[in-house]
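J.: Sequence and predicted model, in that order:
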Amino acid sequence: MPGDSHVVPVPRAPEGRRAQLGGMMVAPPRPRGTTAGGDVKRGEDPYRTNPPPWQQWPSAETSRRRRRIALLVPLVGVAGCGLLFLLGVGAFAVLLIVSRLSVPIPDGEPLAMSTAEIRGTWVDERGGRLTLRENGTFASDGICGDFSDGDLNAAVAPDPGAGTWELHTTHGPSSGTPSSEVQLAFTPGTVWTEYEARGTKRDPVLWMYIGDPDNGELCVLERAETSG
């Protein structure tokens, strides 16, 4: 009607769709009370639910504690290795002591003897006799011992027996203490054996294990009261 104002409605773009005006992209209107992100209300702490990264960083005290722990770990490892080594050495020493106590051995220490000192007659506890002569031969009668053949197999010595003897003096691999061994070679045949010298110059003995040393069976020859 003439004189009345007439307003023509402007069509609105569908919500959620952006209209291009003047070369610019215009976003659809946001609901009241929201920010650009659409998740946090006005006046609300944006870090209430998701704290800032720097609040999750460890404190200075925590960092120092972690550094101390990092330094202690290798020290504890070294100390543990040292303790295991000491325990191993201690166990080995105990085994040596126990083995020395459990396996019998004549009194005294390994002994070095000269040819003149070892010549003569030696007897065992059962009455067996061994005579070492000056010319390098020997005669035996019922002596104890652990005898082997040329292939190192167990053997039985001739009884009575005869043959040649030799004296050898060596030094211990660890202590360096010299000790003498008397080797007997029975003839005829290939049977042989070896006695070790032990004790003191005043009371020497010739001895060996019979069979396995763990069995603890010894053969011990002492110097006879008279020698020839």
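T.: That came through fine.

J.: CA atoms only: put stretch 160-169 into PDB for me.
T.: Provided in PDB are the C-alpha atoms of stretch 160-169 (Å, rounded to 0.1, in the frame of the first residue of the first chain):
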ATOM      1  CA  PRO A 160     110.100-109.000  44.700                       C
ATOM      2  CA  GLY A 161     111.200-106.400  42.100                       C
ATOM      3  CA  ALA A 162     114.300-104.800  40.800                       C
ATOM      4  CA  GLY A 163     115.300-102.100  38.300                       C
ATOM      5  CA  THR A 164     116.800 -98.700  38.100                       C
ATOM      6  CA  TRP A 165     116.000 -95.500  39.900                       C
ATOM      7  CA  GLU A 166     116.400 -91.700  39.200                       C
ATOM      8  CA  LEU A 167     116.100 -88.600  41.300                       C
ATOM      9  CA  HIS A 168     114.500 -85.500  40.000                       C
ATOM     10  CA  THR A 169     114.200 -82.100  41.700                       C
END
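
J.: pLDDT below threshold where in the protein?
T.: By pLDDT under 70, the weakly predicted segments of the chain are 1-61, 92-103, 172-175, 226-228.

J.: the strands in it, which residues?
T.: All strands of the chain, identified by DSSP state E, fall at 19-21, 24-26, 109-110, 120-123, 129-132, 137-141, 147-148, 154-155, 161-171, 178-186, 192-199, 204-209, 218-223.

J.: Parallel or antiparallel, list what pairs with the fourth one.
T.: Under the criterion DSSP bridges, strand 120-123 sits next to strand 129-132 (antiparallel), strand 218-223 (antiparallel) in its sheet.

J.: Go through those strands and name the closest to residue 90.
T.: Between residue 90 and the strands paired with strand 120-123, the tightest spacing by C-beta to C-beta is seen for strand 218-223, at 29.6 Å. Any C-beta I mention is one placed from the backbone N, CA and C, and that applies to glycine too.

J.: Can you list the neighbours in contact with that closest one?
T.: 104-106, 120-125, 128, 130, 143-146, 195, 203-210 (C-beta atoms under 8 Å, 6 or more residues apart in numbering).

J.: Quick one, which of the residues you listed are buried?
T.: Among the contacts of strand 218-223, those scoring as buried are 106, 120-124, 128, 130, 143-146, 195, 204-209 (criterion: 16 or more other C-beta atoms under 10 Å).

J.: coming back round to it: just send the strands of the chain back as CSV, with distance to residue 83 too.
T.: As requested, those are exported to CSV (distance: least, C-beta to C-beta, whole Å):
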stretch, distance to residue 83
strand 19-21, 79
strand 24-26, 73
strand 109-110, 35
strand 120-123, 51
strand 129-132, 52
strand 137-141, 55
strand 147-148, 45
strand 154-155, 45
strand 161-171, 36
strand 178-186, 38
strand 192-199, 39
strand 204-209, 37
strand 218-223, 40
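
J.: Tell me which of these sits nearest to residue 91.
T.: strand 204-209 (25.1 Å).

J.: What strands line up against the closest one, and which way round?
T.: Sheet pairing for strand 204-209, assigned by DSSP bridges, gives strand 192-199 (antiparallel), strand 218-223 (antiparallel).
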